[in-house]
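Chemist: dropping the sequence and predicted coords here.
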Amino acid sequence: MLMEHLILVAMWLFGFVGLILFIPRKDRRKGFLAFLLFQGIIWLCDMPAFKFDLLRAPIRELPKATDLPLTIDYFFYPVLFAIFYVHRPVKGSLWSRFTYFLVWISGSALFDIVIERYTDLIEYEFLKWYGMWIYMGFLFYVSKVCCNWFYKDKSLFHAERWETNEN
(Lines give C-alpha, C1' and ligand atoms only; values in the text may rest on other atoms or scores of the structure.)
Protein backbone atom coordinates (compact mmCIF):
# COMPACT_ATOMS: atom_id res chain seq x y z
CA MET A 1 0.00 0.00 0.00
CA LEU A 2 2.91 2.33 0.65
CA MET A 3 4.23 1.69 -2.86
CA GLU A 4 0.89 2.71 -4.39
CA HIS A 5 0.81 5.95 -2.43
CA LEU A 6 4.38 6.73 -3.48
CA ILE A 7 3.40 6.12 -7.11
CA LEU A 8 0.46 8.52 -6.73
CA VAL A 9 2.74 11.19 -5.26
CA ALA A 10 5.22 10.62 -8.10
CA MET A 11 2.40 11.06 -10.63
CA TRP A 12 1.53 14.42 -9.08
CA LEU A 13 5.16 15.53 -9.09
CA PHE A 14 5.86 14.37 -12.64
CA GLY A 15 2.57 15.86 -13.77
CA PHE A 16 3.34 19.33 -12.43
CA VAL A 17 6.91 19.19 -13.72
CA GLY A 18 5.61 18.00 -17.11
CA LEU A 19 3.14 20.87 -17.29
CA ILE A 20 5.85 23.41 -16.52
CA LEU A 21 8.70 21.96 -18.60
CA PHE A 22 6.97 20.45 -21.61
CA ILE A 23 4.28 22.99 -22.36
CA PRO A 24 5.81 26.24 -23.63
CA ARG A 25 4.51 29.50 -22.19
CA LYS A 26 2.99 30.55 -25.52
CA ASP A 27 0.95 27.31 -25.65
CA ARG A 28 -0.29 27.24 -22.06
CA ARG A 29 -3.85 28.22 -22.99
CA LYS A 30 -3.99 25.48 -25.59
CA GLY A 31 -2.53 22.98 -23.14
CA PHE A 32 -4.96 23.98 -20.40
CA LEU A 33 -7.93 23.57 -22.74
CA ALA A 34 -6.64 20.15 -23.80
CA PHE A 35 -6.23 19.23 -20.11
CA LEU A 36 -9.81 20.23 -19.26
CA LEU A 37 -11.37 18.63 -22.35
CA PHE A 38 -9.61 15.35 -21.66
CA GLN A 39 -10.83 15.45 -18.05
CA GLY A 40 -14.41 15.87 -19.21
CA ILE A 41 -14.23 13.10 -21.78
CA ILE A 42 -12.50 10.62 -19.49
CA TRP A 43 -15.08 11.39 -16.81
CA LEU A 44 -17.92 10.58 -19.20
CA CYS A 45 -16.25 7.33 -20.25
CA ASP A 46 -14.95 6.15 -16.88
CA MET A 47 -18.13 6.65 -14.86
CA PRO A 48 -19.93 3.75 -16.61
CA ALA A 49 -16.74 1.66 -16.80
CA PHE A 50 -16.24 1.79 -13.04
CA LYS A 51 -19.98 1.60 -12.27
CA PHE A 52 -20.42 -1.62 -14.24
CA ASP A 53 -17.13 -3.12 -12.93
CA LEU A 54 -15.19 -3.13 -16.19
CA LEU A 55 -12.40 -1.44 -14.22
CA ARG A 56 -11.75 -1.24 -10.50
CA ALA A 57 -9.49 0.91 -8.35
CA PRO A 58 -8.88 -0.85 -5.02
CA ILE A 59 -6.53 1.86 -3.73
CA ARG A 60 -7.67 5.41 -4.44
CA GLU A 61 -7.48 8.84 -2.89
CA LEU A 62 -11.09 9.25 -1.73
CA PRO A 63 -12.39 5.69 -1.21
CA LYS A 64 -15.67 6.70 0.42
CA ALA A 65 -16.49 9.44 -2.08
CA THR A 66 -15.94 7.81 -5.46
CA ASP A 67 -14.85 4.59 -7.13
CA LEU A 68 -12.69 6.49 -9.61
CA PRO A 69 -8.90 6.88 -9.39
CA LEU A 70 -8.62 10.66 -9.24
CA THR A 71 -4.88 11.09 -9.73
CA ILE A 72 -4.58 8.76 -12.68
CA ASP A 73 -7.76 9.72 -14.53
CA TYR A 74 -8.15 13.39 -13.70
CA PHE A 75 -4.60 14.62 -13.42
CA PHE A 76 -1.92 12.37 -14.91
CA TYR A 77 -3.60 11.28 -18.17
CA PRO A 78 -4.91 14.79 -18.88
CA VAL A 79 -1.37 16.12 -18.41
CA LEU A 80 -0.09 13.53 -20.87
CA PHE A 81 -2.78 14.51 -23.35
CA ALA A 82 -2.04 18.23 -22.93
CA ILE A 83 1.65 17.60 -23.70
CA PHE A 84 0.64 15.41 -26.65
CA TYR A 85 -1.73 18.03 -28.03
CA VAL A 86 0.65 20.96 -27.72
CA HIS A 87 3.50 19.11 -29.45
CA ARG A 88 1.52 17.18 -32.07
CA PRO A 89 2.67 17.67 -35.66
CA VAL A 90 0.12 19.86 -37.40
CA LYS A 91 1.83 19.84 -40.75
CA GLY A 92 3.61 16.92 -42.26
CA SER A 93 2.67 13.64 -43.77
CA LEU A 94 -0.28 11.65 -42.58
CA TRP A 95 2.11 8.82 -41.75
CA SER A 96 4.19 10.96 -39.36
CA ARG A 97 1.09 12.30 -37.60
CA PHE A 98 -0.36 8.80 -37.29
CA THR A 99 2.94 7.43 -35.95
CA TYR A 100 3.12 10.23 -33.38
CA PHE A 101 -0.42 9.40 -32.27
CA LEU A 102 0.33 5.66 -32.03
CA VAL A 103 3.49 6.24 -30.01
CA TRP A 104 1.61 8.35 -27.45
CA ILE A 105 -1.28 5.89 -27.25
CA SER A 106 1.07 2.94 -26.87
CA GLY A 107 3.11 4.68 -24.19
CA SER A 108 0.03 5.68 -22.21
CA ALA A 109 -1.51 2.23 -22.49
CA LEU A 110 1.79 0.56 -21.57
CA PHE A 111 2.02 2.74 -18.46
CA ASP A 112 -1.55 1.78 -17.54
CA ILE A 113 -0.83 -1.92 -18.12
CA VAL A 114 2.26 -1.79 -15.89
CA ILE A 115 0.28 0.00 -13.18
CA GLU A 116 -2.45 -2.64 -13.44
CA ARG A 117 -0.09 -5.58 -13.37
CA TYR A 118 2.26 -4.55 -10.54
CA THR A 119 0.10 -2.40 -8.23
CA ASP A 120 -3.40 -2.25 -6.80
CA LEU A 121 -4.15 1.17 -8.26
CA ILE A 122 -6.18 -0.25 -11.18
CA GLU A 123 -7.59 -3.68 -11.93
CA TYR A 124 -9.04 -4.72 -15.27
CA GLU A 125 -12.07 -6.91 -14.73
CA PHE A 126 -13.25 -7.66 -18.28
CA LEU A 127 -10.72 -5.55 -20.14
CA LYS A 128 -7.53 -6.94 -21.64
CA TRP A 129 -4.39 -4.99 -22.56
CA TYR A 130 -5.52 -4.44 -26.14
CA GLY A 131 -8.87 -3.18 -24.85
CA MET A 132 -7.06 -0.55 -22.79
CA TRP A 133 -4.98 0.39 -25.84
CA ILE A 134 -8.15 0.87 -27.89
CA TYR A 135 -9.78 2.78 -25.02
CA MET A 136 -6.79 5.14 -24.70
CA GLY A 137 -6.79 5.64 -28.46
CA PHE A 138 -10.47 6.50 -28.34
CA LEU A 139 -9.96 8.99 -25.49
CA PHE A 140 -7.01 10.68 -27.19
CA TYR A 141 -8.74 10.80 -30.58
CA VAL A 142 -12.03 12.22 -29.31
CA SER A 143 -10.19 14.78 -27.18
CA LYS A 144 -8.01 15.77 -30.12
CA VAL A 145 -11.03 16.20 -32.37
CA CYS A 146 -12.76 18.38 -29.76
CA CYS A 147 -9.66 20.55 -29.28
CA ASN A 148 -9.19 20.91 -33.04
CA TRP A 149 -12.84 21.87 -33.42
CA PHE A 150 -12.48 24.52 -30.72
CA TYR A 151 -9.45 26.10 -32.41
CA LYS A 152 -10.80 25.71 -35.96
CA ASP A 153 -11.98 29.29 -36.56
CA LYS A 154 -8.88 31.40 -36.02
CA SER A 155 -10.73 34.66 -36.66
CA LEU A 156 -12.53 34.28 -33.34
CA PHE A 157 -9.26 34.63 -31.48
CA HIS A 158 -7.64 37.60 -33.24
CA ALA A 159 -7.70 40.94 -31.48
CA GLU A 160 -8.12 43.01 -34.63
CA ARG A 161 -11.60 41.58 -35.12
CA TRP A 162 -12.72 43.39 -31.98
CA GLU A 163 -11.10 46.71 -32.78
CA THR A 164 -13.27 49.44 -34.24
CA ASN A 165 -12.45 51.21 -37.49
CA GLU A 166 -12.21 54.90 -36.80
CA ASN A 167 -11.69 57.31 -39.71
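Modeler: It's in.

Chemist: which residues in this structure form helices?
Modeler: Here the chain has its helices, by DSSP state H, at 2-22, 28-51, 70-71, 77-87, 94-118, 129-150.

Chemist: same list (those) but as JSON lines, adding distance to Leu62.
Modeler: C-betas here are computed from N, CA, C, even on glycine. Formatted as JSON lines, the helices of the chain follow (distance: least, CB to CB, whole Å):
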{"stretch": "helix 2-22", "distance to Leu62": "12"}
{"stretch": "helix 28-51", "distance to Leu62": "13"}
{"stretch": "helix 70-71", "distance to Leu62": "7"}
{"stretch": "helix 77-87", "distance to Leu62": "18"}
{"stretch": "helix 94-118", "distance to Leu62": "18"}
{"stretch": "helix 129-150", "distance to Leu62": "22"}
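
Chemist: single out the most deeply packed of those helices.
Modeler: Mean neighbour count (mean count of other CB atoms under 10 Å) peaks for helix 77-87 among the helices of the chain, with a mean of 23.

Chemist: against which helices or strands is that one packed?
Modeler: With contacts defined as 3 or more CB pairs under 8 Å, 6 or more residues apart in numbering; DSSP states H and E, helix 77-87 has these neighbours: helix 2-22, helix 28-51, helix 94-118, helix 129-150.

Chemist: tabulate these (a markdown table), appending mean pLDDT.
Modeler: Output for the helices and strands packed on helix 77-87, formatted as a markdown table (pLDDT from 0 to 100):
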| stretch | mean pLDDT |
| --- | --- |
| helix 2-22 | 93 |
| helix 28-51 | 92 |
| helix 94-118 | 93 |
| helix 129-150 | 92 |
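
Chemist: mind putting the ones you listed into JSON lines with distance to Ile59?
Modeler: Formatted as JSON lines, the entries for the helices and strands packed on helix 77-87 read as follows, by distance: least, CB to CB, whole Å:
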{"stretch": "helix 2-22", "distance to Ile59": "5"}
{"stretch": "helix 28-51", "distance to Ile59": "14"}
{"stretch": "helix 94-118", "distance to Ile59": "11"}
{"stretch": "helix 129-150", "distance to Ile59": "18"}
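
Chemist: nearest to Ala82, out of the ones you listed?
Modeler: helix 28-51 (4.2 Å; CB to CB).
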